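> sequence-free structure coming up:
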């Protein structure tokens, strides 16, 4: 597992080094779960640290406003955060706090712990600010907490990757299935990854994943989605947890790089079409215009 993670890290480094400096904004990777207790925040914090450890810039967003944990997990005491950005009192950039070389946290912030008002444009404007962090992030990780609330769904729609985090417990699996069922099936399947977290028995986790995917394919008509298994973190030895998180981080970065290249190609194609249209228009006789 360790060697495989190292090989993927080297692959990601070589791929990212060849990516142009001027590129579209960083992809958003959103982590969520069907119910609380799946370890979303712990996993999000570890993924951010793994991404920063390979020399990449990462912004981690605590969008779990009712149960924010990322500041405590990373040892950061933020002065502002997402709540201030949504209220317009701070920009996203002004509210960022460093937690590692290349790592920045947009904490939940102060104020009441509730979902924001969805009537205005504050949520969309904040997401646009996150997507514009191309000089500060290669990828943006968002801890969206648990449940498919209208607030969280704004992030789901903006995400290039959606990690549905669950455990092997029956209730957690049912909650993950319910969440996937509530999403836009075609678009969700294309960008979703099932993450079985806090796993103590890999063989059991593989059987649970197979049954989950089979059920989704039969009842939801969803195409097969990728699966990652992350071991239970132990106070005595967290090596397996770190190795699994490192492997998942490498896969996320590889996907993010492919997404950036796809966006760059699309942007270049759009520019070519606009140039062709302008040339065609300018070449027409004045009377024909």
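Yep, that arrived. If you're wondering where the values come from, they're calculated on a predicted model, not measured in any experiment. Numbers count the residues shown, from 1 in each chain.
> per-residue pLDDT, the closest residue to residue 89 other than its chain neighbours?
Ranked by Cβ to Cβ, 6 or more residues apart in numbering and with sequence neighbours excluded, the top spatial neighbour of residue 89 is residue 80, at 7.4 Å. Where you see a C-beta, it was placed from the backbone N, CA and C, and this is true even at glycine. pLDDT, residue 80: 91.
> so residue 80 sits against residue 93, correct?
No. Checked against Cβ atoms under 8 Å, the pair residue 80 and residue 93 is beyond contact range at 11.1 Å.
> ok, those two, which is more surrounded?
Neighbour count, other Cβ atoms under 10 Å: between residue 80 and residue 93, residue 80 has more, with 20 against 15.
> quick one: that one is in a strand?
No. Using DSSP: H, G, I helix; E, B strand; the rest coil, the secondary structure at residue 80 is coil, not a strand.
> which residues sit in contact with it?
By Cβ atoms under 8 Å, 6 or more residues apart in numbering, the contact set of residue 80 is 89, 90, 94, 95, 107, 109, 110.
> give me the contact list for the host helix or strand of residue 93.
If you go by DSSP states H and E, residue 93 is part of helix 92-95. Contact with helix 92-95 is made by 78, 80-82, 84-85, 106-107, 109, 126, 129-130, 133, 136, as judged by Cβ under 8 Å, 6+ apart.
> the contacts of residue 80 in helices, which ones?
In helices, judged by DSSP state H, the following of the contacts of residue 80 are found: 94, 95.
> are any of the contacts of residue 80 buried, and which?
Taking 16 or more other Cβ atoms under 10 Å as the criterion, what is buried in these is 90, 95, 107, 109.
> skip the chain neighbours and tell me the closest residue to the first one.
If the residues on either side of it in the chain are set aside, residue 90 comes closest to residue 84, at 4.1 Å by Cβ to Cβ, 6+ apart.
> one step back: and the residue nearest to residue 89, how far from residue 72?
16 Å (Cβ to Cβ, to the nearest Å).
> again with residue 44
13 Å.
> pLDDT weak spots in the stretch 1-150 of the chain?
Residues of the stretch 1-150 of the chain meeting the criterion pLDDT under 70: 1-24, 111-120.
> please redo it, this time with the cut-off set to 90
For the stretch 1-150 of the chain, the stretches with pLDDT under 90 are 1-25, 65-66, 78-79, 87-88, 100-102, 109-124, 134-136, 147-150.
> just the helices in it please.
2-17, 40-53, 70-74, 82-87, 92-95, 122-131, 150-158 (DSSP state H, counting those that start in this stretch).
> of all those, which one comes closest to residue 255?
Closest approach to residue 255 among the helices of the stretch 1-150 of the chain (Cβ to Cβ): helix 2-17, 10.0 Å.
> ranges for the strands of the chain?
For the chain, applying DSSP state E gives strands covering 28-33, 58-62, 97-100, 103-106, 139-146, 161-166, 192-199, 227-231.
> which of those is buried the deepest?
strand 58-62 (a mean of 29; mean count of other Cβ atoms under 10 Å).
> what is that strand packed up against?
Judged by 3 or more Cβ pairs under 8 Å, 6 or more residues apart in numbering; DSSP states H and E, strand 58-62 is in contact with helix 40-53, helix 70-74, strand 103-106, strand 139-146.
> which other residues reach the longest one?
Read it as helix 40-53. 31-33, 58, 60, 62, 64, 67, 69-70, 73-74, 99-103, 105, 138-139, 141-146, 165, 195, 197, 230, 233, 241-242, 245-246, 248-250, 252-253.
> I figured residue 78 hits residue 72, correct?
No. In this structure residue 78 lies outside contact range of residue 72 using Cβ under 8 Å: 10.4 Å.
> between those two, which one's more packed in?
A count of neighbours by other Cβ under 10 Å puts residue 78 above the other of residue 78 and residue 72, at 22 against 12.
> what residues are up against that one?
71, 95, 97, 105, 107, 109.
> list the residues that contact the closest residue in space to it that isn't next to it in sequence.
Closest residue to residue 78 apart from its sequence neighbours, by Cβ to Cβ, 6+ apart: residue 107 at 3.7 Å. By Cβ under 8 Å, 6+ apart, the contact set of residue 107 is 62, 68, 70, 71, 76, 78, 80, 81, 82, 95, 97.
> list the contacts of the nearest residue to residue 81 once chain neighbours are set aside.
Using Cβ to Cβ, 6+ apart and skipping residues adjacent in sequence, the residue nearest residue 81 is residue 109, 2.8 Å away. Contact analysis of residue 109 by Cβ under 8 Å, 6+ apart lists 78, 80, 81, 82, 83, 84, 85, 95.
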